[in-house]
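> No sequence on hand, only this structure:
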């Protein structure tokens, strides 16, 4: 009974800790800028403009190309931004980790939550733009929330792996930073996967992001429920990555201190 | 001479038995991934470095315990192991009370945030609950002697003295059961230093336990009842302050 109480108090303490650090992350990012969080919309907006201008004609097969590319870009920005922030969260908190008894997992976790809050804000604005391009709300749209959950679980697992290795070798961070733009073009964000010659499509399918971008696009662009197959694939990948990430992080955590 | 032996009726606060701490670090010469990949199969990429060996210490309630030792003898590592910041690989460390580590001043302070926001954030990082933070807020602010105006200001505009005042006030804001201090007292101007010393005394008198690392004999003699000297990662001597200080001097 007493143990239960202590555990409850501890969990509550962790929760307060995670929210405090997450809110700090969000508010710090744009604290000194005049336009605040609007800056975070600029990059996807520029991408949207560029792609709409260039590729609308290159991909005439894709109906309503701006909406198509927007649904991809919003979630791509979430993925690339949050992986980098989660990956760096532990290294950046070296000072705190070296002198206070704080559970390490707090930092990646609050980086994820901060990224999710940011995604929520930007979705509010992007939904308006999407309406402008003919986005329609249907009951299927609600499925976007569990889809975001699946995607962020996957992102978190992957980032935990990157984060753990990054403490030991900072090369991992540099490597990931160079790799993400390449991954952007490997993933059908700005183009439709049907453009890939059929005999090579299996290679594109090896990319987990292929399925997650496909998942959100089914919901927001095609306005329909994702197929059972897609749901099973993404759920499995999310759980596997989360398990692997947590396992590795726990294993490597003990050696973090002298490498921070 | 202080009494050094453990009276059996005294309540134990910190109990370390056979504690070993070692770090797994990259082998000399392996600093990046390239070195790591090329070293595979040739030499072990990681090596174990023992920092603390077979530490046995018992610290009692209400005691102010001094730790001495040369640079690199493992004092800070021992404090961190006690505070639970570094995992120990063997032995047990038992704590009978909540611990507040004061190892480095100013960690966790965010330059872009105001004094008040920093008090909240740092206190949360130190494991205080929202309720406790609200309760100790006034005390922290008045202890720091910073004005309400300063408190609304971003911390990056503070002078270094003000910064240390804020940091120290946050650290000793509520009276912890166990306080570990790592040579962090030399902050602020003379007035504030005196205040810090008084505060440490207050904390001690309120029945809290203090573990104190310093190279300054006079300071150790002034505030500690008992002391230990570390040498090369082991406890070389435990006893009265005077004896341990003499032993420490004899090491040079």
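Okay, I see it. A quick note: this is a predicted structure, and the numbers were derived from the prediction, not measured.

> can you give me the strands in the stretch 51-200 of chain A?
Under the criterion DSSP state E, counting those that start in this stretch, the stretch 51-200 of chain A contains no strands.

> So which bits of it are right by chain B?
A:95-102, A:168-172, A:175 (C-beta under 8 Å from any C-beta of the partner chain). In short, each C-beta sits where N, CA and C put it, glycine included.

> Look up how far residue A:46 lies from the residue nearest the centre of chain A.
For chain A, the residue nearest the mean C-alpha position is residue A:79 (2.9 Å; C-alpha atoms, centre = their mean). Relative to residue A:46, residue A:79 is positioned 18 Å away (criterion: C-beta to C-beta, to the nearest Å).

> again with residue A:104
Following C-beta to C-beta, the distance that separates residue A:104 from residue A:46 is 36 Å.

> Compare the two and say which one has the larger neighbour count.
A direct count of neighbours by other C-beta atoms under 10 Å in any protein chain shown for residue A:104 and residue A:46 places residue A:104 higher, at 23 against 11.

> for residue 209, what are its contacts?
By default, I'm working from chain A. A:76, A:79, A:183, A:187 (C-beta atoms under 8 Å, 6 or more residues apart in numbering or on different chains).

> look at chain B instead
Here residue B:209 is in contact with B:13-14, B:59-65, B:97, B:177-179 (C-beta under 8 Å, 6+ apart).

> shaky segments in chain A?
A:1-2 (pLDDT under 70).

> By neighbour count, which of the contacts of residue A:209 wins?
Busiest of the contacts of residue A:209 [other C-beta under 10 Å] is residue A:79, holding 26 neighbours.

> Please look at that residue and residue A:151 and confirm they touch.
Yes. Here residue A:79 reaches residue A:151: they are 7.4 Å apart, a contact under C-beta atoms under 8 Å.

> Identify the contacts common to these two.
Contacts common to residue A:79 and residue A:151, judged by C-beta under 8 Å, 6+ apart, are residue A:212.

> Distance across stretch B:178-190, terminal residue to terminal residue?
26 Å (C-alpha to C-alpha, to the nearest Å).

> Which parts of the chain are helices?
Looking at chain A here, since you left the chain open. A:2-29, A:39-58, A:65-92, A:94-99, A:106-132, A:144-168, A:171-186, A:201-205, A:208-220, A:228-253, A:256-259 (DSSP state H).

> try chain B instead
Using DSSP H, helices in chain B cover B:33-39, B:75-83, B:115-125, B:130-144, B:148-151, B:160-171, B:190-205, B:217-223, B:241-250.

> Save these as JSON lines, and put in distance to residue A:130 and mean neighbour count too.
JSON lines is the format used below for the helices of chain B (distance: least, C-beta to C-beta, whole Å; neighbours: other C-beta atoms under 10 Å in any protein chain shown):
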{"stretch": "helix B:33-39", "distance to residue A:130": "42", "mean neighbour count": "14"}
{"stretch": "helix B:75-83", "distance to residue A:130": "50", "mean neighbour count": "24"}
{"stretch": "helix B:115-125", "distance to residue A:130": "35", "mean neighbour count": "22"}
{"stretch": "helix B:130-144", "distance to residue A:130": "38", "mean neighbour count": "16"}
{"stretch": "helix B:148-151", "distance to residue A:130": "43", "mean neighbour count": "14"}
{"stretch": "helix B:160-171", "distance to residue A:130": "45", "mean neighbour count": "22"}
{"stretch": "helix B:190-205", "distance to residue A:130": "57", "mean neighbour count": "15"}
{"stretch": "helix B:217-223", "distance to residue A:130": "66", "mean neighbour count": "16"}
{"stretch": "helix B:241-250", "distance to residue A:130": "71", "mean neighbour count": "17"}
